[in-house]
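Colleague: Fold the stuff below for me.
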Amino acid sequence: MRIATAAYPLDVLTSWSQYEDKLSTWVAGAAGQGADLLVFPEYGAMELATLDGLEVAGDLERSLFAVSDKIAEADALHQRLAAAHGVHIVAASAPVATPTRPVNRARLITPTGQIGVQDKQIMTRFERDIWGVIGGGPLQVFDTALGRIGILICYDCEFPLLARALQSCDVIAVPSVTETLAGYWRVRIGAMARALENQCVTAMSSVVGDADWSEALGTSYGAGGIYGPPDTGFPATGVLAAGEINVPVWTYADVDPAVIANVRADGTVLNRAHWIEQDGRDDPATNVMLR
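Modeller: Numbers count the residues shown, from 1 in each chain. All right, here's what the predicted structure looks like:
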């Protein structure tokens, strides 16, 4: 399969048709390059809040619900585009209202119109302390025509046990948004480590550029990237493809599921199989005094 990960800028939208045109152009561009799986970034849907005006988009609380109100219509658009181009799309994550507080939700949309949802598990300090976004439903493994796909939204990919729950996945999508280069590298290092541990492919997307109309997002730094284990059949660096920082563009890599299966069965090392050997080792290490 060919994977495309987006370095995606947010726009001030003045009409729904402008959003349709933008998304259609992005999807058509990736599909035209032969992409099968398209990964959009975390909170990339926040630009939908501008349809209610900049006052709403700039208000932390009101922006959450302004976006949530539009997700059903956005998903319908993604369904049409996925069907028209024969692609799977990880739609940009969005705040989605629940009976308590909004969750941060990504959706995996197939060419046949099916929609799988994945909520972020662990909130960043901004989400939990200021914005009031909460953790949602459990981790999901999506069986698709492309293979098994999982989603770890941004901060989630910095936690090995979350990725371990997705150990059967061939590809783990990592939609992200980070406001500093340090944040970008935390998520990228996490994505690369999860590819190493699970002997799988991780596909990281990013919001890029300025969104000064949003108190939540402001300026974002990032790039698309696709990573694998630095082992048999993969690049020695583990980097299949990496985009240039803050350049709005798709980043592409070709991934053969047979290569993933082979490295898991007969790699130079077998991290995924040997993981169990560390299970239960949560006691503190023996303290040895050396003088």
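Colleague: just the strands in the stretch 101-250 of the chain please.
Modeller: Along the stretch 101-250 of the chain, the segments classed as strands by DSSP state E, counting those that start in this stretch run 103-109, 115-119, 142-144, 147-151, 171-176, 201-211, 218-220, 225-227, 239-242, 249-254.
Colleague: Just the CA atoms of the first one, as PDB, please.
Modeller: When you say that, I think you mean strand 103-109. The C-alpha trace of strand 103-109 is given here as PDB (Å, rounded to 0.1, in the frame of the first residue of the first chain):
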ATOM      1  CA  VAL A 103     -13.500  14.000  23.500                       C
ATOM      2  CA  ASN A 104     -10.800  14.300  20.800                       C
ATOM      3  CA  ARG A 105     -11.900  11.900  18.100                       C
ATOM      4  CA  ALA A 106     -10.400  10.600  14.900                       C
ATOM      5  CA  ARG A 107     -12.400   8.700  12.300                       C
ATOM      6  CA  LEU A 108     -11.200   6.000   9.900                       C
ATOM      7  CA  ILE A 109     -13.300   6.100   6.700                       C
END
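Colleague: roughly how far out does it sit from the chain middle?
Modeller: Averaging C-alpha positions (C-alpha atoms, centre = their mean, to the nearest Å) puts strand 103-109 9 Å from its chain's average.
Colleague: And it, what does it pack against?
Modeller: helix 71-85, strand 88-96, strand 115-119, strand 147-151, strand 171-176 (3 or more C-beta pairs under 8 Å, 6 or more residues apart in numbering; DSSP states H and E). Using the backbone N, CA and C atoms, a C-beta is placed for each residue, glycine as well.
Colleague: of all these, which lies closest to residue 289?
Modeller: strand 171-176 (42.2 Å; C-beta to C-beta).
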